[in-house]
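Trainee: model this:
(chains A and B)
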Amino acid sequence: MPMLEIQRLKKYFPVHRGFFGGKVQYVKAVDDVSFAVERGETLGLVGESGCGKTTVGRTIVRLYSPTEGRIIFNGTDISSLPGREMTPYRKELQMIFQDPFSSLDSRMTVGDIVGEAIDIHGLARGAERTERILAMLNRVGLRKWHINRYPHEFSGGQRQRIGIARALVVEPSFIVCDEPISALDVSIQAQVINMLEELQEKMGLTYLFIAHDLSMVKHISTRIGVMYLGGLVELASSGELYKNPLHPYTRSLLSAMPIPDPDESARSQRMILKGEIPSPIDTPPGCKFKTRCPRVEAGCQDEYPEFREAAPGHFVACHFI
Amino acid sequence: MAKERLLEIRNLRTSFFTHVGEVKAVDDVSIYIDRGETLGIVGESGSGKSVAMLSTMGLLSENGRVVSGEILFSGRNLAQLGEREMESVRGSEIGMIFQDPMTSLNPVFTIGGQITETLVKHRKLPKTEAKRRALEILASVMIPSPDRRINQYPHEFSGGMRQRVMIAIAICCDPDLLIADEPTTALDVTIQAQILELMKELKSRLGTSIILITHDLGVVAGMCDRVNVMYAGRIAESGTVRDIFRRPRHPYTLGLLKSVPNPNRMQKERLVPIKGHPPDLLKPPAGCAFAARCTYAMKICVNARPPVFDVAEGHQSACFLNHPDAPSVSM
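Mentor: Okay, here's the model as predicted:
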């Protein structure tokens, strides 16, 4: 049994248009997405801004309630659990945010930020609570005296460590990492990535790793899902996806990826997509990628391609495969 | 073909004077670019790469000042020009593209208005002629249906399209030099590829030289002829793109290369991060700014500033390991 499974997940956001806001349309941020995450693996989720990858992550930890579909965690459907019944699952499902500046309360000390989660779940009190916070700070490479400091006294990389400590202190089993390194400098990114890998090994964590930086995603992930305009277009093991991408969008995404080597970069064949991502408001029927696809044909116009297994463990949504 | 020097920055020092003291953002930096070249300036936030270029353009904020040094561009020292003269250089002889295309465009004027303004000011074109030229330029940066787009406002454009408009404004007066400060950092991967392709195409068509400021080693590898690596306000290493990627001679450059994964490698390599974080420029260390994070640091590195060593033709490194008496280490 997979640790987490999402089935036909949909999340629509209403937008009010027209002069009096009477006309309601929907942003289909996540539109019929299904996948499973196995215990101990890292599932990477990539795509460009607006593709819905963050919404998937936030819906899984129930920061949003899904419009439709099921979220099954360790065999229990948590997609519509009310607040109190959700609490034990919130301890298991934690999130690390992209922006280490706005995701920490500037008026709380590091000790308060990390300790708050312990209090909410009633895990420890008094000396034991402090002990637990200090042990966690030590694990993420922060010092004892940092416990009384405020977020503004730290650099971006250190703040991200605070965010990680906050997520891990309640000993969760599943972490949604939402672009945890995109706001950091190159030399600091590798520090955080290595730390996440180490913590995963030691604490037996399972990650959903959301990012737009394909090279880092490939580095950290066991399997990778590619999203476009609210839908999952391809899912395969990390090596398979890079060696044998099937969906035209995945192919162009991979070929657009800058390679940090002058000779390999010169040799690589670029497949540059025309145009941009269309608006996610009331998307027309048919394949979501049809407006930019180099292979588009008549069949792509009306029918949404089914997300199916093209090779063992390799799923794709394209009429041509 | 003999190389012609287009811009030469010599021993530039730029400081910001804040209420807590002087921040030496750029500390004795020399950079040059030849005509027809693409030069990359790589560094992390706070390394001084943007400040060096803002100094060149005379666009420093109120509390920033060029303390010393020369900025030689077509026979003039830009560091000594007055504001009026700088205005005629900017936009006309040197074009600039910034990271965030939303804040660099004026939201209350149409795209067409902002391009024609530049043409009327610098090229003294009559309005109708300027508009005709603006349409041409919009088409050349591949904005679809320019005759409709020209009358629209920046908010009606997507991020990638705005960056195309920025490029259109930057190149409308055929500048000799284009300075692009993180032009694709705010953009998605497929849009980044479009913009980089466009810059390459414009360069080969118009012969513009480009200074590309970035933190992305992948972008550097694909775009640049030569590279300067900056760290804590100084140049750590400079050389051809191949020197920097194949034969790095500064531990910081090496550290950067080891901390990014190459997606073409099939088996997984462990990343080697650079430990610690950059120094506080309010209290810069006495010796090498990188010494505290350097695996190879020696006693001298803590006490003395490394001079610039010539390690090969056109390849310099500011690291004591290149001193003839230094122990040889394999990097």
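Trainee: residue boundaries of the strands in chain A?
Mentor: A:4-17, A:23-37, A:42-46, A:68-73, A:76-77, A:93-96, A:174-178, A:206-211, A:223-228, A:231-237, A:308-311, A:314-316 (DSSP state E).
Trainee: what's the answer for the stretch 51-200 of chain B, then?
Mentor: Ranges of strands within the stretch 51-200 of chain B are B:64-73, B:76-77, B:94-97, B:177-181, based on DSSP state E, counting those that start in this stretch.
Trainee: Now do the helices in the stretch 51-200 of chain B.
Mentor: If DSSP state H, counting those that start in this stretch is used as the criterion, the helices of the stretch 51-200 of chain B fall at B:83-89, B:101-104, B:111-123, B:127-140, B:146-149, B:159-171, B:189-206.
Trainee: Pick out the residue of chain B closest to chain A.
Mentor: Proximity of chain B to chain A (C-beta to the nearest C-beta) peaks at B:G218, 2.6 Å away. In short, each C-beta sits where N, CA and C put it, glycine included.
Trainee: Double-check that that residue belongs to a helix.
Mentor: Yes: the assignment for B:G218 by DSSP: H, G, I helix; E, B strand; the rest coil puts it in a helix.
Trainee: Looking at chain A, which helix is longest?
Mentor: Counting residues, the longest helix found in chain A (DSSP state H) is helix A:186-203.
Trainee: between the strands of the stretch 51-200 of chain B, which gets nearest to B:N322?
Mentor: strand B:64-73 (23.9 Å; C-beta to C-beta).
Trainee: quick one on the thing from earlier: restricting to C-alpha, output the longest helix of chain A in CSV.
Mentor: Taking Å, rounded to 0.1, in the frame of the first residue of the first chain, the C-alpha atoms of helix A:186-203 are listed here in CSV:
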residue,chain,number,x,y,z
VAL,A,186,23.8,28.4,-5.3
SER,A,187,26.4,27.6,-2.6
ILE,A,188,23.7,27.4,0.1
GLN,A,189,21.3,25.3,-2.1
ALA,A,190,23.6,22.3,-2.0
GLN,A,191,23.9,22.6,1.8
VAL,A,192,20.1,22.4,2.2
ILE,A,193,19.7,19.6,-0.3
ASN,A,194,22.3,17.5,1.4
MET,A,195,20.7,18.1,4.7
LEU,A,196,17.3,17.1,3.5
GLU,A,197,18.7,13.9,2.1
GLU,A,198,20.5,13.1,5.4
LEU,A,199,17.4,13.8,7.4
GLN,A,200,15.4,11.6,5.1
GLU,A,201,17.8,8.7,5.7
LYS,A,202,18.0,9.1,9.5
MET,A,203,14.3,9.9,10.2
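Trainee: mind listing what's buried in it?
Mentor: A:186-197, A:199-200 (16 or more other C-beta atoms under 10 Å in any protein chain shown).
Trainee: which residue is nearest the centroid of the chain?
Mentor: Just going to use chain A. What sits nearest the mean C-alpha location of chain A, by C-alpha atoms, centre = their mean, is A:I210, with 2.8 Å.
Trainee: I was after chain B.
Mentor: For chain B, by C-alpha atoms, centre = their mean, the most central residue is B:I213; offset 2.6 Å.
Trainee: Run through the bridge partners of it.
Mentor: When assigned by DSSP bridges, B:I213 has beta-bridge partners B:I41, B:D181.
Trainee: between the strands of chain A, which one is nearest to chain B?
Mentor: Closest among these, using C-beta to the nearest C-beta: strand A:42-46, at 8.9 Å.
Trainee: and residue 130, how many neighbours?
Mentor: Just so you know, I chose chain A. By other C-beta atoms under 10 Å in any protein chain shown, 15 other residues sit near A:T130.
Trainee: my bad, the chain I had in mind was chain B
Mentor: There are 21 residues near B:A130, going by other C-beta under 10 Å.
Trainee: again with A:N138
Mentor: As a burial measure, A:N138 scores 13 neighbours (other C-beta under 10 Å).
Trainee: got the contact list for the closest residue to it other than its chain neighbours?
Mentor: In this structure, A:N138 finds its nearest non-sequential neighbour in A:K144, 7.6 Å apart by C-beta to C-beta, 6 or more residues apart in numbering or on different chains. Contacts here follow C-beta atoms under 8 Å, 6 or more residues apart in numbering or on different chains; on that basis A:K144 touches A:L134, A:L137, A:N138.
Trainee: sorry, back to before: would you mind confirming that the residue nearest to the centre of chain B is in contact with B:I41?
Mentor: Yes: counting by C-beta atoms under 8 Å, B:I213 touches B:I41, with 4.8 Å between them.
Trainee: Show me whatever sits in contact with both of these two.
Mentor: Contacts common to B:I213 and B:I41, judged by C-beta under 8 Å, 6+ apart, are B:K49, B:M53.
Trainee: neighbours around B:V51, how many?
Mentor: Counted with other C-beta under 10 Å, B:V51 comes out at 25.
Trainee: pLDDT score assigned to it?
Mentor: Note for B:V51: predicted pLDDT of 94.
Trainee: Touching, it and B:R13? I think so.
Mentor: No: using C-beta under 8 Å, B:V51 makes no contact with B:R13, being 10.6 Å away.
Trainee: Lowest-scoring secondary structure element of the chain by mean pLDDT?
Mentor: No chain in the question, so chain A it is. Least confident helix or strand, chain A: helix A:299-302 with a mean of 87, by mean pLDDT, DSSP states H and E.
Trainee: nope, chain B
Mentor: When the helices and strands of chain B are scored by mean pLDDT, DSSP H and E, helix B:101-104 comes last with a mean of 78.
Trainee: Could I get the buried residue list for it?
Mentor: For helix B:101-104, by 16+ other C-beta under 10 Å, it's B:P101, B:S104.
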